[in-house]
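Novice: build the 3D model from these lines:
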Amino acid sequence: MIKIWFLMVLMSYPNVPAITYKGFGGFFEEQECEDNKVLVENMMADYEIKRGNTVYIESYCIEMKAFETQLKEKQNKIKGTILGV
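Specialist: Predicted coordinates for the structure are as follows:
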């Protein structure tokens, strides 16, 4: 098994009881995941602002395990990019 870092974004809307979550792929290094947190948070905030929504966003990098075959299969489809492992 190989360790990857999964970026999870949690969003909360006013007057809505549920928390929405979105996963944004995987990264081989924790620092790479942390570096992408701000980009993803800003992207999600911009999207919600354009829709006229107010939203509170928090994101986390969570360590996960993946089988080597899963990673090779995904990398072949993406051709060398790491995002989305």
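Novice: shaky segments in this protein?
Specialist: For the chain, applying pLDDT under 70 flags the ranges 1, 69-85.
Novice: and the strands in this structure?
Specialist: 2-12, 19-27, 56-66 (DSSP state E).
Novice: how close does residue 35 get to residue 5?
Specialist: Distance of residue 35 to residue 5, given as Cβ to Cβ, to the nearest Å: 11 Å. Every residue, glycine included, has its C-beta placed from N, CA and C.
Novice: more neighbours, these two?
Specialist: Taking other Cβ atoms under 10 Å, residue 35 and residue 5 do not tie; residue 5 has more neighbours (21 against 12).
Novice: now the more buried one, nearest residue through space, not along the chain?
Specialist: residue 33 (3.8 Å; Cβ to Cβ, 6 or more residues apart in numbering).
Novice: swap in residue 55?
Specialist: Closest residue to residue 55 apart from its sequence neighbours, by Cβ to Cβ, 6+ apart: residue 48 at 4.4 Å.
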